[in-house]
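>>> predicted coordinates and the sequence they were generated for:
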Number of protein chains: 2
Amino acid sequence: MKPSIPKGMRDFSPAETLRRRYIFDTIKKVFELHGFMPIETPTMENLSTLLGKYGDEGDKLLFKVLNSGDFLSSLSTEDIQEGNSNKSALKISEKGLRYDLTVPFARYVVQHQSEITFPFKRYQIQPVWRADRPQKGRYREFYQCDVDVVGSNSLLNEVELVQIVAEVFAELGIFVVLKMNNRKILYGIAETIGHLDKMTDITVAIDKLEKIGLDAVKEELKEKGLDDTAISALQPILELSGTNDDKIASLRRVLAESPTGLLGVDEVETILGYCKSLGVAIDLELDLSLARGLNYYTGAIFEVKAKDYAIGSICGGGRYDDLTGIFGMKGVSGVGISFGADRIYDVLLNLDLFPKDQVEATSKVLFINFGGEDELVSLELMKKLRFSGVSCEIYPDAAKMKKQMDYANQTERESRVASVKQMETGQQWSVAFDVLDSIFEENFDKQ
Amino acid sequence: MKPSIPKGMRDFSPAETLRRRYIFDTIKKVFELHGFMPIETPTMENLSTLLGKYGDEGDKLLFKVLNSGDFLSSLSTEDIQEGNSNKSALKISEKGLRYDLTVPFARYVVQHQSEITFPFKRYQIQPVWRADRPQKGRYREFYQCDVDVVGSNSLLNEVELVQIVAEVFAELGIFVVLKMNNRKILYGIAETIGHLDKMTDITVAIDKLEKIGLDAVKEELKEKGLDDTAISALQPILELSGTNDDKIASLRRVLAESPTGLLGVDEVETILGYCKSLGVAIDLELDLSLARGLNYYTGAIFEVKAKDYAIGSICGGGRYDDLTGIFGMKGVSGVGISFGADRIYDVLLNLDLFPKDQVEATSKVLFINFGGEDELVSLELMKKLRFSGVSCEIYPDAAKMKKQMDYANQTERESRVASVKQMETGQQWSVAFDVLDSIFEENFDKQ
């Protein structure tokens, strides 16, 4: 029987591992150019840290680790008869696998607050685990690339995140649109039409505008209990279109009576203004239908989509005002975004955007092994090549091609000249041993 | 209540994360210069893959993951009454966390054999988990850095591993001694004194020579059932000393009647010979007391110790003849070594060998935020700096130092000159905006 791995898990071949590393390295480079520092948290957290942070559904999707030793003594026959797995799980399991990077980060900030100088600019690139039903593009182990600033209310942080998004995707060669919204605007809309109670319903409805059209949205709002006055008050929002400036202008009119709403518009305008002055090269689009994690975010909301490949959001985030409150540290505002490495991988692969030199075999040169003296000669040349930073290897067993190549190689050895063949092009040179390293640097390194 | 992490687990601060990355990057660089390719395997393996591979003790130390959903239905009240946790664990848990990188690698090779061209030179740097009792220097989550060649019997692979060890520790600046032995020699010794049955006992005894001395070792051998003839036959081995050549010479005499033993001596001599011709810069010591994982290795055995810091083995490995046999793929010989990142970290830290530029804050320049127009000016300068590869950041909130600095900064803005202070030295310059980036490249980059 052939061995296998659990469903939803993946092996990564050398080619896949190198491609993934290219993504992580590109993201890291940009994060660090902006002064963000990496941290790492353990794979296992106490279940008390994780439970209740992701909703009932999330709790179900947590991978729980069985307590070592005689865990069974914590279970009674009554537990078996009762048959409540969720309840019994907590008797035999104290630890769970990281479900995302946000909760561990909050836990980290609270636990290490005395060592941290705020604002704390951190990034974290680590795998997370979810017992989701696996399907195309959804795995039970996948990486998240989070970058956050906590302890600062300045909108400069939002601007910096926009810059980071622009720089990362420019480096990767992916054309994207960054959709932006602000939770205060959504609040203002609900407030203006006198339905703060229906904020979620309204957002959900607006979100469907593109798919189901204006009338259907109105219908849905009616079903949700909005009267005609409210709905017609909402009309200008639903029909909002044009440039960001157009949208901002009409929002100012519509939200004139909502201080919170206007504040949200100010924030959007400020962020867009900075990005314009700085010439941040990215399509920024104010999109009121954007409402990801509504109850979590309190200000800016971001979402990034690839223009040339439909795969949903490849990056997203926003401003939250109380990340660490869940662990008793109040009033620490933060803003962050998360890059979806797996989806970015799919985009790069399908658009053939992986740079060849980054993701090809690490070894640039293979030495044929003719055994005997030649072996040692090759090893000496390889030492020289590696010293010049050229990756190389020798076929470790001489036997196979010895006979047929004996002559050619003998002449080479005597003339201190190696015949070099570039496998991809078939191109072949005779190269003096002494300049071999420079040759490879020139012809192979920058491929 | 302050949040915490499970015992034996660690958070890594930015400084620690950067130091660790320096170690991993150095090791990777050397691996890849030798043409090794990275692979990654999932955190969770099927327990059927892991169980029985690490002995009973190992099975106990495996972290088992609770099955999702209604696992309780797989447990009966009888299971509770029987109270056999090990047995019951398998009814409610199908997956376990990676315990080392060797078994997953073997599983990978068998599962993907059709895609792999042999010899397969792979490296793997990933964390592993063991439910060991935590203590100083022993954690429940730690990284292994394995490099292996499978599918080749050539001793060139052993030579290459010695080169890799030499190059990695030279890069890291750690002076090491590489102790080498060969399992065939140990076999030959046991064979020569007519006690193949006592091979392990003999090895264990020899291993204690330094600690307890010759007589005590003889005493122990006698207890283990060796008669005086056998012990006196062993005497030359126990007293073996001098250079590697001396040792090899006397071994040839002592093992004259053991073909296997002599083959082992040949292998050692060949490896040492290649290393000498290639001028591999490392202390190589033939050490018969070296017998790590005796029953696992079949040829060369390696172990590396730091000369200037006592912490035990920081790297080790050897030749094994049947890695994949456990998964039904017979006769695939391999050789590999594993670097102990945590111990290497301790050595570098205690000997103060971490290069400052590698492990300091990622941000080289901090811009004071004077708010208003200056903020935008700073942001533009920062954009320029980052374009030149200089990492920088601005304090996101203006308020604090606005007043007192207003004047100074105003003049700066007008004169398009920034006053720059290097915090470590206190040194201060006035720098024209236009050349700011080059200045930082010169003064900060190569620190």
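Ah, there it is.
>>> which stretches of the stretch 251-400 of chain A have low pLDDT?
A:292-295, A:359-363, A:399-400 (pLDDT under 70).
>>> can you map out the helices along it?
A:259-277, A:341-350, A:356-359, A:372-387 (DSSP state H, counting those that start in this stretch).
>>> which residues are contacting stretch A:321-337?
Applying Cβ atoms under 8 Å, 6 or more residues apart in numbering or on different chains, the external contacts of stretch A:321-337 come out as A:53, A:102-103, A:105-107, A:109-111, A:113, A:118, A:146-153, A:157-158, A:161, A:164-165, A:298-300, A:302, A:315-320, B:1-3. Every C-beta, even on glycine, is put in place using the N, C-alpha and C of the backbone.
>>> now do stretch A:162-172
Stretch A:162-172 has contacts (Cβ under 8 Å, 6+ apart) with A:23, A:26-27, A:29-31, A:33-34, A:147, A:175-176, A:178, A:271, A:275, A:278, A:280-282, A:284, A:302, A:304, A:315, A:337, A:339, A:344, A:348, A:353, B:383, B:386.
>>> buried set for that stretch?
Buried positions in stretch A:162-172, judged by neighbour count with 16 or more other Cβ atoms under 10 Å in any protein chain shown: A:162-169, A:172.
>>> before we move on, the earlier item: restricted to helices, list the contacts of stretch A:321-337.
Judged by DSSP state H, the subset of the contacts of stretch A:321-337 located in helices is A:102-103, A:105-107, A:109-111, A:157-158, A:161, A:164-165.
>>> who wins for neighbours among the residues you listed?
Among the ones in helices among the contacts of stretch A:321-337, the one with the most neighbours (other Cβ atoms under 10 Å in any protein chain shown) is residue A:158, at 27 neighbours.
>>> and that one, how close does it get to residue A:238?
26 Å (Cβ to Cβ, to the nearest Å).
>>> and residue A:263, by the same measure?
For residue A:263 relative to residue A:238 (Cβ to Cβ), the value is 22 Å.
>>> figure out the length between the terminal residues of stretch A:43-53.
Start-to-end span of stretch A:43-53 (Cα to Cα, to the nearest Å) is 17 Å.
>>> so for it, mean pLDDT?
Average pLDDT, stretch A:43-53: 95.
>>> for stretch A:70-77, same thing?
On average, stretch A:70-77 scores 94.
>>> for that stretch, buried residues please.
Buried residues in stretch A:70-77 (16+ other Cβ under 10 Å): A:71-72, A:75.
>>> not counting its neighbours along the chain, what's nearest residue A:258?
Of all residues not flanking residue A:258 in the chain, residue A:188 sits nearest, at 3.8 Å (Cβ to Cβ, 6 or more residues apart in numbering or on different chains).
>>> tell me which other helices or strands whichever helix or strand the one you found is part of touches.
Assigned by DSSP states H and E, residue A:188 belongs to helix A:183-192. Applying 3 or more Cβ pairs under 8 Å, 6 or more residues apart in numbering or on different chains; DSSP states H and E, one finds that helix A:183-192 contacts helix A:199-207, helix A:228-238, helix A:244-254, helix A:259-277.
>>> repeat that with 10 Å
Applying 3 or more Cβ pairs under 10 Å, 6 or more residues apart in numbering or on different chains; DSSP states H and E, we find helix A:183-192 packed against helix A:199-207, helix A:228-238, helix A:244-254, helix A:259-277, strand A:300-306, strand A:313-320.
>>> now look at the fifth one and say if it contacts chain B.
The one in question is strand A:300-306. No: using Cβ under 10 Å from any Cβ of the partner chain, strand A:300-306 stays clear of chain B, with a minimum separation of 13.9 Å.
>>> pull up the pairing partners for that strand, direction included.
Taking DSSP bridges as the criterion, strand A:300-306 sits next to strand A:176-182 (antiparallel), strand A:313-320 (antiparallel) in its sheet.
>>> need the contact list for the nearest residue to residue A:85 once chain neighbours are set aside.
Here the nearest residue to residue A:85 in space, its sequence neighbours aside, is residue B:72; by Cβ to Cβ, 6+ apart that works out to 4.3 Å. Listed by Cβ atoms under 10 Å, 6 or more residues apart in numbering or on different chains, the contact partners of residue B:72 are A:75, A:79-89, A:92, B:92.
>>> one more time with 8 Å, if that's ok
By Cβ under 8 Å, 6+ apart, the contact set of residue B:72 is A:79-80, A:83-85, A:88, B:92.
>>> now residue A:157
Contacts for residue A:157 (Cβ under 8 Å, 6+ apart) come out as A:119, A:149, A:335, B:396.
>>> show me what the most centrally placed residue in chain A is bridged to.
In chain A, the centroid-proximal residue (Cα atoms, centre = their mean) is residue A:339; its distance is 2.3 Å. Residue A:339 has these beta-bridge partners by DSSP bridges: residue A:145, residue A:315.
>>> how close does the residue nearest to residue A:290 when sequence neighbours are not counted sit to residue A:271?
Counting by Cβ to Cβ, 6+ apart, the nearest residue to residue A:290 once its immediate chain neighbours are dropped is residue A:181, at 4.0 Å. Spatial separation of residue A:181 from residue A:271 under the definition Cβ to Cβ is 11 Å.
>>> any common contacting residues for those two?
Common neighbours of residue A:181 and residue A:271, using Cβ under 8 Å, 6+ apart, are residue A:300.
>>> that older thread, Throw together a PyMOL command that grabs the buried residues out of the contacts of stretch A:162-172.
Applying 16+ other Cβ under 10 Å to the contacts of stretch A:162-172 leaves a buried subset, and the PyMOL line that selects it is:
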select buried, (chain A and resi 23+26+27+30+31+33+34+147+176+178+271+275+278+280+282+284+302+304+315+337+339+344+348) or (chain B and resi 383+386)
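>>> count of residues packed around the residue nearest to residue A:101 when sequence neighbours are not counted?
Excluding its sequence neighbours, the residue lying closest to residue A:101 (Cβ to Cβ, 6+ apart) is residue A:146, at 4.4 Å. Residues within reach of residue A:146, counting by other Cβ under 10 Å, total 21.
>>> and if you look at residue A:388?
13.
>>> pretty sure the residue nearest to residue A:101 is touching residue A:123, no?
Yes: applying Cβ atoms under 8 Å as the test, residue A:146 and residue A:123 come out as touching, 6.5 Å apart.
>>> can you give me how far stretch A:110-119 is from the chain middle?
25 Å (Cα atoms, centre = their mean, to the nearest Å).
>>> end-to-end on that stretch?
End to end - Cα to Cα - stretch A:110-119 spans 14 Å.
>>> and that stretch, what's its mean pLDDT?
Across stretch A:110-119, pLDDT averages out at 91.
>>> once you drop chain neighbours, what's closest to the closest residue to chain B within the stretch 201-350 of chain A?
Nearest to chain B, among the residues of the stretch 201-350 of chain A, is residue A:327, at 4.9 Å (Cβ to the nearest Cβ). Spatially, and ignoring its direct neighbours in sequence, residue A:327 is nearest to residue A:110 (4.1 Å; Cβ to Cβ, 6+ apart).
>>> make sure the one you found is actually in contact with residue B:3.
Yes: here residue A:110 lies in contact with residue B:3, judged by Cβ under 8 Å, at a distance of 5.6 Å.
>>> residue A:77: what's its closest spatial neighbour, skipping adjacent residues?
residue B:77 (4.3 Å).
>>> hang on, isn't the one you found packed against residue A:81?
Yes: shown here, residue B:77 and residue A:81 form a contact pair, counting by Cβ under 8 Å, at 7.0 Å.
>>> around chain B, which positions in the stretch 251-400 of chain A sit nearby?
Neighbours of chain B within the stretch 251-400 of chain A, by Cβ under 8 Å from any Cβ of the partner chain: A:274, A:277-278, A:327-328, A:361-363, A:366, A:369, A:375-376, A:379-380, A:383, A:386, A:389-398.
>>> would you mind giving both backbone torsions of the single nearest residue of the stretch 151-300 of chain A relative to chain B?
Shortest the stretch 151-300 of chain A-to-chain B distance, computed as Cβ to the nearest Cβ: residue-wise this is residue A:154, at 3.7 Å. Per-residue torsions, residue A:154: phi -60, psi 140 (degrees, to the nearest 10).
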